[in-house]
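Any chance you can model this:
(one chain, ligands or ions: 1)
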Amino acid sequence: MSQSITKSSTDVTAAASERRPSAALEFGQAWDYAPAPEAPDHVRIDPRYGLFIGGRWVTPRSGRWFQTISPSTEQVLSEVADASAQDVDDAVRAAREAYDKYWSKMKGSERAKYIFRIARALQEKARELAIVESMDGGKPIKESRDVDIPLAAAHFFYHAGWADKLDYAFHGRRWRPLGVAGQIIPWNFPLLMAAWKIAPALACGNTVVLKPAETTPLTALLLAKIIEEAELPPGVVNIVTGAGETGAALANHPDVDKVAFTGSTDVGKKIQRALAGTTKRLTLELGGKAANIVFEDAPLDQAVEGIVAGIYFNQGHVCCAGSRLLVEESAHDLLVRKLKDRMMTLRLGDPLDKNTDVGAINSKMQLGKIRELVEAGEKEGAERFSAPTKIPEKGFWFPPTFFTGASQSCRIAREEIFGPVLTIMTFRTPDEAIEKANNTMYGLSAGVWTDKGAKIFHMATKLKAGVIWGNTYNKFDPSSPFGGFKESGFGREGGRQGLSAYVEVE
Ligand code: ADP
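Predicted coordinates:
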């Protein structure tokens, strides 16, 4: 008996080593799958979307429109309104009226019913939303289907649950909503960021004007349709599309009581400067340069999965991406080899294909930024490895890449790349790992991989980051507060802590 077990396990090992990809294999060819695209034919994208203001779809007073394209095909998907300051003013007025007339007067249990309705509709339309998210943003369908859309629905469910229990959220202290929230979001998780912003604001009795990013407006507009169908009182949620000027008009509007911004540190600083001296409340969720720290005693294969999820997930378009890998010197060579092998099995291509691991870069501009920083890394003497992938003819693409031999002063070790580019460095002691991990202007997230739970807790107390994952990476939950230290911003989203960003506690 024991012999047969030994024999069969040897067979399995032999078979596995035959399958084990080597450098001779083409990228993505280790296991060849037939194409498995998610069909977009039942998905309806209107040729043009107006602004959703006061419960109605209106043409922009600006008279201007702009196109939103698919970054994987460069095909025009739709045309959306470019809201001017006047349009933003209309939206803020509608939100104020809705706040005064309906939303601030409504019982929490009633607000909850509307928020639950939105959550259920997101679940019902999950497939359509996932497809549109992947078309407009370029991320693989398996991410939009399994991460973005379910989490967006979960955020509405979670906050609907709070709406009638807020008296218990602030330790018995009295609270009141803030009024009108102006919310500005980026393109990396378009629907999920909209959910992170809108759900807690509504639960706490505020009304909203939300501006999605100019390259990914579509799922926010579909959310506006869901909100319309859910029959929220007119003006409780308003969605205005446009670029930076529209965002600035919203943040600077005198009748906005609270600004919530997720995006780049540069724009976050501009908003902070503009709001200085006003009574507006502000939360900022900005950039990051997270360290994923791997000790020699870590389960390395599991760590490789976490590293891949940390940096190649969503093409690295994640503020909390594990873009610096700090590996204990003794494990460096083995880990790098394992990572290389794993990268050879990643599939880059059509975001709508269910087998795709790496989708398109969100925009031509973002691709330019990634290329510039990668060139800087090469010039500074770091050694580059890029998975030898075939790049589709159309669209914006960048292969999963890592650098070894970089020093802490290199731009690739300091600046946020916001692309699938990892910088690998080494350390010898936990203290050195902590020092290197904290040697950044950012402080959004970090990861620790080790066999020792005590080491994870020790590291977590020393790392200056808002979110620290232990033996995992990029895991999110609506009940878990998310937010940064230092130039990654301030304020938390999610959990009980996230609610306090939308209330005045007496
Ligand atoms: P990213 O680098 O992630 O694109 P940005 O900070 O440029 O981040 O954009 C995030 C969001 O901020 C987008 O919705 C964008 O339109 C908006 N935005 C850009 N500039 C400004 C500004 N000056 N004021 C307010 N919002 C802005």
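
Let me know the pLDDT of residue 310.
pLDDT, residue 310: 93.

Could you look up the SS state of it?
helix (DSSP: H, G, I helix; E, B strand; the rest coil).

count of residues packed around it?
When neighbours are defined as other Cβ atoms under 10 Å, residue 310 has 26 of them. C-betas here are computed from N, CA, C, even on glycine.

for residue 289, same thing?
Neighbour count for residue 289, taken as other Cβ under 10 Å: 26.

secondary structure element for the residue nearest to residue 197 when sequence neighbours are not counted?
Of all residues not flanking residue 197 in the chain, residue 183 sits nearest, at 4.1 Å (Cβ to Cβ, 6 or more residues apart in numbering). Per DSSP states H and E: residue 183 is located in strand 180-184.

Next up, the contacts around the closest residue to the ligand within the stretch 301-450 of the chain.
Closest approach between the stretch 301-450 of the chain and the ligand, counting by Cβ to the nearest ligand atom: residue 418, at 6.8 Å. Shown in contact with residue 418 (Cβ atoms under 8 Å, 6 or more residues apart in numbering): 188, 287, 316, 317, 321, 366, 369, 370.

Could you identify which of these has the most neighbours?
Neighbour counts for those, by other Cβ under 10 Å, peak at residue 321, which reaches 32 neighbours.

does that residue sit in a helix, a strand or a coil?
Classified using three-state DSSP, residue 321 is coil.

Residue 121 now?
Secondary structure, three-state DSSP: residue 121 is helix.

what's the burial count for residue 488?
Close neighbours of residue 488, defined as other Cβ under 10 Å, add up to 29.

And residue 109, by the same measure?
10.

Show the average pLDDT along the strand holding residue 183.
For strand 180-184, the mean per-residue pLDDT is 98.

Walk me through which strands that strand pairs with, and which way each runs.
Counting by DSSP bridges, the strands paired with strand 180-184 are strand 207-211 (parallel), strand 258-262 (parallel).

Relative to the ligand, which of those strands is closest?
The ligand lies closest, by Cβ to the nearest ligand atom, to one member of the strands paired with strand 180-184: strand 207-211, at 5.6 Å.

Quick one: residues in contact with the closest one.
Under the contact criterion Cβ under 8 Å, 6+ apart, strand 207-211 has outside partners 83, 88, 91-92, 95-96, 98-99, 103, 179-185, 194, 197-198, 201-202, 220, 235-242, 246-247, 250, 256.

which of the residues you listed are close to the ligand?
Contacts with the ligand within those, counted by Cβ under 6 Å from any ligand atom: 184, 185, 247.

in the sheet, who's paired with the first one?
The residues listed as beta-bridge partners of residue 184 by DSSP bridges are residue 211, residue 261.

so what's it up against?
Residue 184 touches 210, 211, 247, 250, 251, 259, 260, 261, 262, 263, 271, counting by Cβ under 8 Å, 6+ apart.

mind checking the end-to-end distance for stretch 206-219?
Terminal residues of stretch 206-219 lie 22 Å apart, using Cα to Cα, to the nearest Å.

do stretch 276-284 as well
Start to finish, the residues bounding stretch 276-284 are 14 Å apart (Cα to Cα).

ok and the residue in the protein nearest the ligand?
The ligand sits closest to residue 247 of the chain, with a gap of 2.3 Å, by Cβ to the nearest ligand atom.

Give me the nearest residue to the most centrally placed residue in the chain, chain neighbours excluded.
The centre of the chain sits closest to residue 189, judged by Cα atoms, centre = their mean, with a distance of 4.2 Å. Spatial nearest neighbour of residue 189, excluding adjacent residues (Cβ to Cβ, 6+ apart): residue 148 at 5.8 Å.
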